[in-house]
Structure formats: structure tokens, C-alpha cells
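Student: Can you look at this prediction? I've put the sequence above it.
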Amino acid sequence: MVSPKKWLSILSVNSLMLFNVSFPVLMLPNTVNGGEVIAQTDPNAEAEKLYKQGHQLFKQGTAESKKQATEIWKKALQLYREADNKKWEALTLLSIGRVYDTLGEKQKALSFYDQSLPLWRQVEEKAGVATTLNNIGGVYNHLGEQQKALEYYNQSLLLRREMGNKTQEATTLNNIGKVYNDLGKPQKALEYYNQSLLLRRQVEDKAGIATTLNNIGLVYNDLGENQKALSYYQQALPILQQVGNKGGEATTLNNIGGVYNHLGENQKALEYYNKSLPLRRQVGDRAGVTNSLNNIAGVYSALGENQKALEYYQQALPLFQQVGDRGGEAIALSNIGLVYNDLGENQKALSYYQQALPILQQVGDRGGEAIALNNIGGVYDDLGEKQIALNYYQQALPLRRQVGDKGGEADTLNNIGAVYDDLGEKKTALNYYEIRRTS
């Protein structure tokens, strides 16, 4: 008998990263004689008016309002360029980059940040330089280029310490913690998060406190300390609701759902994932929407509701493709394959697994690659193609060992043993079963 095939699943938790965009106090028209506006002769006046309009739209926080802000800021940008106002040109570029960042369009964000940075340096505006360095670091971390991210964050941190801005220093410490967590260094991540939390409490930055509490929860989640993770998430959630940070609230609801999912409390997990999803849609967090859809699908799958699972995975797949998340795309493809496998539609399952496999190899997800190879082997096993099944299982086994997936290694050893058993090679089968038992 083939052991149960492993589900591929996207991480059911997202770290909530905080990026700061500096918005200076906007110049208002002077008034005299009971409020009459003095005629504006400054060529920058129209651009400032447009910038303010964009800022108000950005603060509304919806996907549509952010897109509208971008269009207005692009008009302001042209006017600032015509007026040769480098400082406001830099700010407007930074602001447009921030919108693309929040909408998940990371390459576009990077393009605008990269245009902003030299202008801030040219006008010797340290705060602008530090903020832009911080945000560039965030994009590189999202793109999986952690060393580049650290390079930019550390440059930002030095400037922020030099300026004595504790709020922004805490932001960058938080973001460095996120990089170390992504690099699989949880203790180093906790060190930076705790430095960040201390500063945020000193300056009474409620939104920042919630962000860092959420991220500490994420580290404990990764360490398998579910109750500790839950405690930190539950401290973060009411603060995020209080300050009106809908994106952060959505992430934390998703993270709480993830803990309940790990604890096998499927209905509770579903409850929190379903609270997270509409908030993510509301704020235009496309990457978050795909994550929530995938997580909801995973719960339905665990509950044996395959058609519902399929419905959610098929909503997630095109969104992963739209935001350029190749790893997420591969996971969704693999999960769709597994649903078809459970429905007994082997050829459909095989088609989806085979689409997922090269993407997992391309993005370097060795654990995911091992699972996909194991699952392809499982389909061939079910089809009676024992030698082909064996070939895939034997490709999966060293990858399982390489990534330290003990449970997955045991499954694949069991699958190899079962194939040899079916082929009548009882001694070889017993050998694999024994390795599985003692490993």
C-alpha cells in the first residue's frame, strides 16, 4: 500500500512587514482678511495640490484609491520635474513606489524607489535616503534576495540611528528580523524583533508594536511553539483593529488561522481565514488574497470537501501568476493535482504535478520538489507503472533528506518499500521498511 501522499501547501502565515514612507507637512496657501486665499504664483502650487489629493486617496487604503493616488501623483511628478523641484520629485517617486509595493507589483516599486534614491542624496535629505533604502530592502527580501535586502536595511539602520529617529530605527530593526527569519535564523530574528519591540514601546508606536508582536508570533510558529505564537498574534490583533490597520489585521487573522490549522482545529482555522480574505481584498493585497484562498482550500481539503478545495485553489492559481509568485503558482498547481488525485482523476493529477515540478526546481524549493516527485510517483504507482513510480520516489528520497523532512522521508521510504513489495522483491521491500522504522 502506498502511504498517504503529502500535501504541498503555501505557508499559512505571512510576516507583517512595516515600511515607512515619509510624508512631509504639506504647504497650505497663506490666508488674509478672514480667509481669502492669496493668489498662487509658485509654479509648484498645482503639483502640491495634486500631491495632497493623492495622499488623501492613499490613506483610504483600498486598492482602487491607491491606484487613483498613483495616477494623480504621476501628474504631480511631471510638474515637479518641469519645476526642477528635486526634493518633491524624490518624494513623489517614493510614494508611487510605495503604492506599487503595497499592491504586490514589486518590480514596478523597485523602479520608482531606484529613481527616488539618487535624488534624495542629491538634495542631502537623510530621512528620504533612509526610507528609500528601507523600502528597497523590503522589495529585495520579497524577491528572495535576502543578502541584498540586508545590505539596504543596514544602510538605512545606520542613517536612522544617526538621525535619532527611534520610530524609524524600530521599523528597520523589525525588517532585518524578517530577513533573518526568512534565512532560517530564528534566534537572530528574535534578537532584532525584540530590539524593535523595545523601541516601539518607548515611543508608544501602537501600529509598530502590533507589527512586531505579529512577527515574533511568526518565529514561534516556525519553531512549532503554537501556543506562544497564538499568544503574540492575539496581543497584536486588537491593537491593529484599534489603529485601523486593515492589512495588518488581515495578516494576523490569517496567522491565527494558521496556528489553528497546525493544531488540527479546522473549523476555527476556516473561521479566521474567512475573516482575513475580505480585508485583504479591501486593501488590494493580491499576494495576501492568494495566500488566504490557498489556505481556505487546504482546510476544505483536510475536511474532505474536494470540490470546495478545488474551487478555492483555482481562484488562487491565476492570482499567483498575476503577482509573479512562481513558488505560490507551483504550490497551487500541485495542490490542484492532489485534489484530482483524491477524486481518482489520475491523468489530470499528473498533468498538474508535472506543471508544478519544473517551477519548484526553478525557484529552488527543494522540499516542494521532493513532495511533487513523491506525488508523481504516487500517480504512476496507482496506474500500475511500478518502475516509473520507483524512479520518482528515488528522486524524492535524497531531497527529503537534504531538507530534513523526516516525515516526508518516512513516507517516501514506505512508498519505495511498497513498490518493491508489489514487484515481489520482498527482501528489498523489508530493507526499506526497516530503514523507515529506524530513521
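Tutor: Cool, the structure landed.
Student: Just want the phi and psi numbers for residue 203.
Tutor: When read as degrees, to the nearest 10, the backbone of residue 203 gives phi -90, psi 0.
Student: Please determine how far the closest residue to residue 285 other than its chain neighbours is located from residue 261.
Tutor: Nearest residue to residue 285 in three dimensions, chain neighbours excluded: residue 247, at 5.7 Å (C-beta to C-beta, 6 or more residues apart in numbering). From N, CA and C alone the C-beta is placed, and that goes for glycine too. Residue 247 sits 21 Å away from residue 261, going by C-beta to C-beta, to the nearest Å.
Student: pLDDT (mean, whole number) over the host helix or strand of residue 96?
Tutor: Per DSSP states H and E, residue 96 falls inside helix 86-102. Helix 86-102 carries an average pLDDT of 92.
Student: Show me what it packs onto, helices and strands only.
Tutor: On a contact count with 3 or more C-beta pairs under 8 Å, 6 or more residues apart in numbering; DSSP states H and E, helix 86-102 meets helix 45-60, helix 63-82, helix 106-122, helix 126-142.
Student: The strand or helix carrying the residue nearest to residue 285 relative to helix 86-102, how many degrees between them?
Tutor: Using DSSP H and E, the element containing residue 247 is helix 246-262. With axes from the mean of the first three to the mean of the last three C-alpha atoms, to 10 degrees defining the directions, helix 246-262 sits at 30 degrees from helix 86-102.
Student: can I get the CA coordinates of the helix or strand that helix 246-262 is followed by in PDB?
Tutor: Using DSSP H and E, the next helix or strand after helix 246-262 towards the C-terminus is helix 266-283. This file holds the C-alpha atoms of helix 266-283, laid out as PDB (Å, rounded to 0.1, in the frame of the first residue of the first chain):
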ATOM      1  CA  ASN A 266     -10.100  23.000  11.000                       C
ATOM      2  CA  GLN A 267     -13.300  24.900  11.700                       C
ATOM      3  CA  LYS A 268     -11.500  27.500  13.800                       C
ATOM      4  CA  ALA A 269      -8.800  27.800  11.100                       C
ATOM      5  CA  LEU A 270     -11.500  28.300   8.500                       C
ATOM      6  CA  GLU A 271     -13.300  31.000  10.600                       C
ATOM      7  CA  TYR A 272     -10.100  33.100  10.800                       C
ATOM      8  CA  TYR A 273      -9.100  32.600   7.200                       C
ATOM      9  CA  ASN A 274     -12.600  33.700   6.100                       C
ATOM     10  CA  LYS A 275     -12.200  36.900   8.200                       C
ATOM     11  CA  SER A 276      -8.800  37.600   6.600                       C
ATOM     12  CA  LEU A 277      -9.800  37.200   3.000                       C
ATOM     13  CA  PRO A 278     -12.300  40.100   2.600                       C
ATOM     14  CA  LEU A 279     -10.000  42.500   4.400                       C
ATOM     15  CA  ARG A 280      -7.100  41.500   2.000                       C
ATOM     16  CA  ARG A 281      -9.400  42.200  -1.000                       C
ATOM     17  CA  GLN A 282     -10.400  45.500   0.500                       C
ATOM     18  CA  VAL A 283      -6.900  46.800   0.800                       C
END
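Student: what sits up against helix 266-283?
Tutor: 61-63, 102, 246-247, 249-251, 253-254, 256-258, 260-261, 288-289, 291-293, 295-296, 299-300, 302-303 (C-beta atoms under 8 Å, 6 or more residues apart in numbering).
Student: That helix: how far from the chain's middle?
Tutor: 16 Å (C-alpha atoms, centre = their mean, to the nearest Å).
Student: Would you mark the buried spots in it?
Tutor: Residues of helix 266-283 classed as buried by neighbour count (16 or more other C-beta atoms under 10 Å): 266, 268-273, 275-277, 279-283.
Student: Could you do stretch 378-387 as well?
Tutor: Here stretch 378-387 shows 378-382, 386 as buried, counting by 16+ other C-beta under 10 Å.
Student: Give me the neighbour count for residue 362.
Tutor: 12 (other C-beta atoms under 10 Å).
Student: confidence score at it?
Tutor: 87.
Student: and it, what is it in contact with?
Tutor: residue 326.
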